[in-house]
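Peer 1: Whatever this is, show me its structure:
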Amino acid sequence: MSPTPQLIVIYGPTAVGKTSYAISLAQKLNTVILSADSRQIYAGMPIATAQPDRQERKGIPHYLIGHVDPLANTYSAGQYEREAIHLLQKLFKKYPTIILTGGTGLYIDAVIKGLDEFPEVDFAIRSGLQEELETLGLRHLLQELDTKDPAYAKIVDRQNPRRIIRALEFIRSTGLPFSSFRKNKPKQRFFETTTILLERERPILYDRINRRVLQMVEAGLIEEAKKWYPHRNLNATQTVGYKELFEYFDGTISLDRAIALIQQNTRRYAKRQLTWFRKRRIDIRINR
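Peer 2: Alright, predicted model coming up:
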């Protein structure tokens, strides 16, 4: 009887060093890496999404990076789950151990536990909500969520418009609370999981974030953002790094202010990631 396949999941906030650690471990185990990052999936955005380049990858095959067309504007966590599980079914035939790493908690949960099954949503409803977000603002959408699904409103990230729109599109489509679809019953998987959390002292982590943003600017982040400026309303471009530079292109803030905001918003994102990690089972903690 062959041993159960092993999935090693490497958690950690942005800029903690997940990429270098995962590659080093993959070299030792002679295996491959799956990305669990909702921004690195997109093609044509390597700097803003901090995709590891060919030199950084050191010959280790990486999957689910740069394979989605941002203009399609339809990729979901459910699609990610299906792609990742399909890949694992194939890759585990060759590799007894595989590494999954990334900063998107929903994607990691999708692989480890699976997502709840939701009904299909009319694209017109999604488009309408996106238009309301742009014209009326996030507070308007939050008020509707507070009224129609107070249970989910208490636990959702209220600074994340994608999560708010996702909930409201189901509410408007079905007339039922989004929370009523969330069963939170883990799916049975064909592999065992070991979770590793990479940590750094908060001041060190924040300094790494600040320096990485400057490195991204030097690597061409501004030029990359200009390419996507005409498509600023896509889901794919609603990301830290682009949103702040779009304001700079609009002439509403200076370049120095835009860079400072990218640093600040990235630190805030790291803080939200750390909050998410505290609610998950961690098998191994490594202070780097």
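Peer 1: mean confidence score for the biggest helix by length in the chain?
Peer 2: Secondary structure of the chain per DSSP state H: the longest helix is helix 255-277. Averaging pLDDT along helix 255-277 yields 94.
Peer 1: Which residues does that helix contact?
Peer 2: Residues from elsewhere that reach helix 255-277 (Cβ atoms under 8 Å, 6 or more residues apart in numbering): 11-16, 103, 105, 157, 159, 197, 205-206, 209-210, 212-214, 217, 222, 240-241, 243-245, 247-248, 253. In this view, the C-beta of every residue, glycine as well, is placed from N, C-alpha and C.
Peer 1: do stretch 135-152 as well
Peer 2: 129, 132-133, 153, 156, 158-159, 161, 164-165, 167-168, 171, 177-179, 182.
Peer 1: Go through that stretch and flag the buried ones.
Peer 2: Going by neighbour count (16 or more other Cβ atoms under 10 Å), the buried part of stretch 135-152 is 141, 142, 144, 145, 148, 149, 152.
Peer 1: Looking at those, which are in helices?
Peer 2: Reading helices off those with DSSP H, I get 141, 142, 144, 145, 148, 152.
Peer 1: can you pull out the helices in the protein?
Peer 2: 18-29, 54-57, 77-91, 105-112, 123-136, 138-148, 150-155, 161-174, 202-219, 221-228, 242-250, 255-277.
Peer 1: one step back: and the two most separated of the buried residues of stretch 135-152?
Peer 2: Maximum pairwise distance among the buried residues of stretch 135-152 (Cβ to Cβ): 12.6 Å, between 141 and 152.
Peer 1: on that earlier part again, from the contacts of stretch 135-152, which would you call buried?
Peer 2: 129, 132-133, 153, 156, 158, 161, 164-165, 167-168, 171, 177-179.
Peer 1: Of the residues you listed, which is the nearest to residue 75?
Peer 2: Of all those, the one with the least separation from residue 75 (Cβ to Cβ) is residue 165, at 14.3 Å.
Peer 1: Could you check how far the closest one is from residue 69?
Peer 2: 20 Å (Cβ to Cβ, to the nearest Å).
Peer 1: Tell me, how many residues neighbour residue 188?
Peer 2: 6 (other Cβ atoms under 10 Å).
Peer 1: Residue 162 now?
Peer 2: 15.
Peer 1: Just name the closest of the ones in helices among the buried residues of stretch 135-152 to residue 24, please.
Peer 2: residue 152 (39.4 Å).
Peer 1: Now do the lengthiest strand in the chain: everything it contacts.
Peer 2: Criterion DSSP state E: the longest strand present in the chain is strand 192-199. Contact with strand 192-199 is made by 4-12, 16-18, 21, 112, 277, 280-288, as judged by Cβ under 8 Å, 6+ apart.
Peer 1: ok and it relative to helix 18-29, angle-wise?
Peer 2: Angle, strand 192-199 to helix 18-29, by axes from the mean of the first three to the mean of the last three Cα atoms, to 10 degrees: 130 degrees.
Peer 1: can you list the weak-confidence ranges in the stretch 101-250 of the chain?
Peer 2: Counting by pLDDT under 70, the stretch 101-250 of the chain shows low-confidence ranges at 118-120, 122-123, 183-184.
Peer 1: wait, isn't residue 51 in contact with residue 57?
Peer 2: No. Judged on Cβ atoms under 8 Å, residue 51 makes no contact with residue 57 at a distance of 9.6 Å.
Peer 1: Settle it for me: which of these two has more neighbours?
Peer 2: Remark: of residue 51 and residue 57, residue 51 carries more neighbours, 21 against 16, as counted by other Cβ under 10 Å.
Peer 1: Identify the residues contacting the more buried one.
Peer 2: 40, 45, 65, 66.
Peer 1: Now the third one, what are its backbone angles?
Peer 2: Read it as residue 65. Residue 65 adopts backbone torsions of phi -130, psi 130, taken as degrees, to the nearest 10.
Peer 1: Hmm, it is touching residue 34, no?
Peer 2: No. Checked against Cβ under 8 Å, the pair residue 65 and residue 34 is beyond contact range at 9.0 Å.
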